[in-house]
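> How does the following fold in three dimensions:
(one chain, ligands or ions: 1)
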Amino acid sequence: MKAVCIYSCGGPEVLVYEDAPGPHPGAREVLVRIHAAGINPVDWKIREGHLKEMLNHTFPFVLGWDFSGVVESLGSGLARLKAGDEVFSRPDIARDGAYAEFIAVKESEVALKPKSVDHIHAAAMPLAGLTAWQTLFDAGGLSSGQRVLIHAAAGDVGHLAVQLAKWKGAHVIGTASARNHDFLRKLGVDQVVDDDTERFEDVVQPADVVLDTMGGETQERSWKVVKPGGILVSVANPPKAGTAAKYLVRQAFVFTQPNAAQLGEIAKLADPEKLKVIVETILPLSDATRGQEPSERGHGRGKIVLRVV
Ligand SMILES: NC(=O)c1ccc[n+]([C@@H]2O[C@H](COP(=O)([O-])OP(=O)(O)OC[C@H]3O[C@@H](n4cnc5c(N)ncnc54)[C@H](OP(=O)(O)O)[C@@H]3O)[C@@H](O)[C@H]2O)c1
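Numbering: from 1, shown residues only. A predicted model of the protein is given here:
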């Protein structure tokens, strides 16, 4: 099969588009013919070697952990899916990824793709959508009527988090640079904070949940805007132990996990367009290098997706 592999960690030049051996599905796994693969920041972070101790990949391996495709064949012991099913997934990040024509994944990581959403848009949803779901609902416990502050609300995770929080009935505050303000208002954000001209801690009333997608200084300044008893949930860097207790709040770090049941919920919202993902750029699989560059620069608005079929 054609795939984009790396033989060592490094810059965009280490990506190699080549013929690679095709995978075989093991027990309780499916082989999927990939139609489209989403690009996420974790792709270039792994390419650069940031998570190497945690993931223990063996070179060469395939990058990319977001895809939509069609079940080609089944391993043993499966009943839920059949060949020909259209599926989407954020598979196990410790295994070969989805910048490829085929992938073997556990059945428990795969859900039926939303029927009304094409493969390009479906491939853009799983990783960012599961991240939003697991931070807001599993870690944050966000419920109707609560206030949530979402940092980088126009980003890939952010714009899906905004829509899920609105669906839940929360009051949503989002930070973004000026070019994204109209976009956020159209998504239903109740209070838009300008990253460049305002300090969010000066203009935001404390929130029950703060979703920190930026880490660093943004995280440090965020403690002041968590309500007593509320929670700061980060996906950027784990908060220093004990910091939350000083502010009488709680803290969590989420590393997104595959979850077919939650993807099924996301598909149910995507079909009637209660949840829409914005795709900015579509590139052929062979152009993965060009796709990762804007992600690495903090590209702005909308996902970048590789078309495989
Ligand atoms: N722990 C996990 O499992 C997990 C899962 C998913 C994502 N993440 C992490 O969460 C972060 C966000 O992911 P994403 O997919 O939403 O990324 P993204 O779409 O690339 O987010 C970029 C957004 O951040 C905003 N931004 C603000 N300051 C920025 C700066 N200094 N540099 C770049 N962008 C800046 C930009 O919006 P404005 O121009 O409006 O400011 C832009 O829309 C990444 O670090 C990613 O690795 C972690």
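> what about the closest residue to Gly38 other than its chain neighbours, neighbour count?
Using C-beta to C-beta, 6 or more residues apart in numbering and skipping the chain neighbours, the partner closest in space to Gly38 is Asp66 (3.3 Å). Every C-beta, even on glycine, is put in place using the N, C-alpha and C of the backbone. Asp66 sits with 31 neighbouring residues when counted by other C-beta atoms under 10 Å.
> what sits against Asp30?
Wrong residue type there; residue 30 is Val, not Asp. Val30 sits next to 71-75, 78, 81, 87, 104-105, 107, 110 when contact means C-beta atoms under 8 Å, 6 or more residues apart in numbering.
> Go again with 7 Å.
Applying C-beta atoms under 7 Å, 6 or more residues apart in numbering to Val30 gives the contacts 71, 74-75, 78, 81, 105, 107, 110.
> mind listing which of those residues are in strands?
Among the contacts of Val30, the ones falling in strands (DSSP state E) are 71, 74, 105, 110.
> burial count for the last one?
Right, the one you point to is Val110. 27.
> For the helix or strand encompassing Glu280, which residues meet the burial criterion?
Glu280 belongs to strand 279-284 when elements are defined using DSSP states H and E. Residues of strand 279-284 classed as buried by neighbour count (16 or more other C-beta atoms under 10 Å): 279, 281-282.
> my read: Gly38 touches Leu127, true?
Yes. Using C-beta atoms under 7 Å, Gly38 is in contact with Leu127, at 6.5 Å.
> what is in contact with these two at once?
The contact lists of Gly38 and Leu127 share Asp66, where a contact means C-beta under 7 Å, 6+ apart.
> Would you agree Ala288 falls within a strand?
No. Counting by DSSP: H, G, I helix; E, B strand; the rest coil, Ala288 is not part of a strand but helix.
> if you skip the residues just before and after it, what's nearest to the closest residue to the ligand within the stretch 51-200 of the chain?
At 2.8 Å from the ligand, Gly155 is the closest residue in the stretch 51-200 of the chain, using C-beta to the nearest ligand atom. Spatially, and ignoring its direct neighbours in sequence, Gly155 is nearest to Thr213 (6.2 Å; C-beta to C-beta, 6+ apart).
> Model confidence for the one you found, exactly?
pLDDT recorded at Thr213 is 98.
> Give the burial count for it, as a bare number.
Neighbours of Thr213 using other C-beta under 10 Å come to 24.
> Test my guess that it contacts Leu160.
No. With contact defined as C-beta under 7 Å, Thr213 does not count as touching Leu160 (11.2 Å).
> What angle do strand 279-284 and the lengthiest strand in the chain make with each other?
When the chain is parsed with DSSP E, its longest strand is strand 29-39. Computed with axes from the mean of the first three to the mean of the last three C-alpha atoms, to 10 degrees, the direction of strand 29-39 lies at 120 degrees from that of strand 279-284.
> okay, strand 29-39 in PDB with CA atoms only?
C-alpha atoms of strand 29-39 as PDB (Å, rounded to 0.1, in the frame of the first residue of the first chain):
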ATOM      1  CA  GLU A  29      -9.800  -6.000  14.700                       C
ATOM      2  CA  VAL A  30     -11.000  -4.600  11.400                       C
ATOM      3  CA  LEU A  31      -9.000  -3.800   8.300                       C
ATOM      4  CA  VAL A  32     -10.200  -0.400   6.900                       C
ATOM      5  CA  ARG A  33      -9.600   1.000   3.500                       C
ATOM      6  CA  ILE A  34      -8.900   4.700   4.400                       C
ATOM      7  CA  HIS A  35     -10.600   7.300   2.300                       C
ATOM      8  CA  ALA A  36      -9.300  10.400   4.200                       C
ATOM      9  CA  ALA A  37      -7.000  11.100   7.100                       C
ATOM     10  CA  GLY A  38      -7.100  14.200   9.400                       C
ATOM     11  CA  ILE A  39      -3.900  16.000  10.400                       C
END
